[in-house]
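Trainee: sequence and computational prediction follow.
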Amino acid sequence: MAALSAAHTPAPTAAGLPGALWLYRFDADGRAHALDDAARGAGTLQDADGEDWHWLHLDLSDVRSAQIVAMLPLPEEAHATLLSPDSHVNLQFEDEVAHGVFVDWVHQRGVDLAAEGQLRGDDGIGWLHFAMTDRLLVTARRQPLRSLEAARRAVIAGALADAPVRLLELVAGRFADTVGRSSDGLSARLDRIEDRVLADSIGEERRDLAQLRHQTVRLHRPLTAMRRVLKPFEQRHAGDTDHELLPAVARLNQRFDDLDGDVGTLQERARLLQDEVAAKLAERTNRHLYVLSMITALLLPPSLVAGLFGMNLPGLPFAHSSHGLAFALLLGAASSVVVYLLLRRMGVARST
């Protein structure tokens, strides 16, 4: 019940820091505490006691956030990263300060994260800017971000984060959770489509597979962007430092690798199913054309016979016979039989 109420707890506004969306203090046990208006201010971020640390989140669409960034105890490179309009993933680490940009999903207002789980068709990509020391995590965004909001709700509900790097890993982990759930949902959809294809019950499978492949591409691209940055970062700093960021990056690397492998498998399965559906539809079309061609071939001789007797000219066979119609019908049927036997002899009329 506590988790449910926490999920609907609005984020506290940082009244003493115009342009900030929230400010939390984490105690030595890693529990989050929202700071009241009287405790909020730029000086608060530099006055962490003992093992306490702070999480400040900024709204980059508010021009006042630049004033807050300028007052933060961070190097100029970190200031530039927080305010940059970058739309690509990057991660830098120097002098015990990490800063960069991670990818995230845009959070749709009014969506219940606990109930939604998977991505929707209109969920877009957003960018999480961050800078981190051992006592401060500053995050910033221009659009509401899904994983960031999920992480905020998690720490309010009781999730522990005893260091800024733990919270950053939690945010990235929530991003991975969404990808994983979406991948599982797409896999279940693909299983149902595959069952229908194998049962030769093809209806809207081509459209469904096209949509599914589009969704797998949407999952694959941000995963690739994260892996392209995190893996070289891990290799580059493997022997340089024992900072807690490196084990966190290694864990995220492994998880993103596994997820990207799952998404790649989905893409390959969907492509193979598309090929199989196309082959089955082509076979069905060829079968229909074959039947139509056979009907045309068998009806052509009777049509010629009917046309011949319809000329209404003197000297036509059976013109004065009382059984002329029957003879003409028999002649037309016989011509179809002769054509059919000729086609069978040629191997054309055999079933495919």
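Mentor: Noted; the coordinates are in hand. Numbers count the residues shown, from 1 in each chain.
Trainee: strands along the stretch 1-150 of the chain, start to end?
Mentor: 20-26, 32-34, 53-59, 90-94, 97-105, 125-132, 136-141 (DSSP state E, counting those that start in this stretch).
Trainee: nearest to Asp184, of these?
Mentor: strand 97-105 (16.1 Å; Cβ to Cβ). Just so you know, the C-beta spots here come from the backbone N, C-alpha and C atoms, and that holds for glycine as well.
Trainee: quick one, what contacts Leu230?
Mentor: The contact partners of Leu230, taken as Cβ atoms under 8 Å, 6 or more residues apart in numbering, are Leu91, Val249, Leu252, Asn253, Phe256.
Trainee: right, so of the strands of the stretch 1-150 of the chain, which gets closest to Gly185?
Mentor: Nearest of the strands of the stretch 1-150 of the chain to Gly185, taken as Cβ to Cβ: strand 97-105 at 14.4 Å.
Trainee: pLDDT of the closest one, averaged?
Mentor: Averaging pLDDT along strand 97-105 gives 95.
Trainee: what lines up beside that strand in the sheet?
Mentor: strand 90-94 (antiparallel), strand 125-132 (antiparallel) (DSSP bridges).
Trainee: tell me the gap between the first one and the middle of its chain.
Mentor: Spelled out, that is strand 90-94. Here the centre of strand 90-94 is set off from its chain's centre by 27 Å, with Cα atoms, centre = their mean, to the nearest Å.
Trainee: try stretch 157-175
Mentor: Its chain's average C-alpha position is 23 Å from that of stretch 157-175, according to Cα atoms, centre = their mean.
Trainee: got the buried residues for that stretch?
Mentor: 159, 161-175 (16 or more other Cβ atoms under 10 Å).
Trainee: what two of these are the furthest from one another?
Mentor: Largest pairwise distance in those, by Cβ to Cβ, is 21.0 Å, between Asp162 and Phe175.
Trainee: tell me the first helix or strand C-terminal of whichever helix in the chain runs longest.
Mentor: Longest helix in the chain, counting residues (DSSP state H): helix 245-309. The first helix or strand that comes after helix 245-309 along the chain, using DSSP states H and E, is helix 324-346.
Trainee: so that following helix versus helix 245-309, what angle?
Mentor: 140 degrees (axes from the mean of the first three to the mean of the last three Cα atoms, to 10 degrees).
Trainee: mind giving me the packing neighbours of helix 324-346?
Mentor: Where contact means 3 or more Cβ pairs under 8 Å, 6 or more residues apart in numbering; DSSP states H and E, helix 324-346 is packed against helix 245-309.
Trainee: residue ranges with poor pLDDT in this structure?
Mentor: 1-16, 36-50, 109-122, 240-241, 305, 307-325, 327, 347-352 (pLDDT under 70).
Trainee: okay, now the domains of it?
Mentor: Split into domains by automatic domain parsing, the chain comes to 1-162, 292-346.
Trainee: ok, and the closest non-adjacent residue to Gly203?
Mentor: Arg196 (7.4 Å; Cβ to Cβ, 6 or more residues apart in numbering).
Trainee: pull the number of nearby residues for that neighbour.
Mentor: Counted with other Cβ atoms under 10 Å, the neighbours of Arg196 add up to 16.
Trainee: am I right that it is in contact with Glu204?
Mentor: No. Using Cβ atoms under 8 Å, Arg196 is not in contact with Glu204, being 9.5 Å away.
Trainee: which stretch of helix or strand covers Gly203?
Mentor: According to DSSP H and E, Gly203 maps onto no helix or strand at all.
Trainee: what of the one 4 residues further on?
Mentor: Using DSSP H and E, Arg207 sits in helix 205-236.
Trainee: and the angle from that helix to helix 245-309?
Mentor: Using the same axes, to 10 degrees: helix 205-236 against helix 245-309 is 160 degrees.
Trainee: list the buried residues for helix 205-236?
Mentor: Result for helix 205-236 [16+ other Cβ under 10 Å]: buried residues 205, 208-209, 212-213, 215-216, 218-220, 222-227, 229-231, 233-234.
Trainee: equivalent analysis for stretch 255-273, please.
Mentor: Buried, per 16+ other Cβ under 10 Å, within stretch 255-273: Arg255, Phe256, Leu259, Asp260, Asp262, Val263, Leu266, Gln267, Arg269, Ala270, Leu273.
Trainee: ranking by neighbours, what's the top pick from the contacts of Leu230?
Mentor: Val249 (24 neighbours).
Trainee: pull the contacting residues for it.
Mentor: Here Val249 is in contact with Leu91, Leu230, Phe233, Glu234 (criterion: Cβ under 8 Å, 6+ apart).
Trainee: so which of those residues comes closest to Leu304?
Mentor: For the contacts of Val249, the nearest to Leu304 is Leu230 (76.2 Å; Cβ to Cβ).
Trainee: report the separation between the closest one and Val89.
Mentor: 8 Å (Cβ to Cβ, to the nearest Å).
Trainee: and Gly261, by the same measure?
Mentor: 19 Å.
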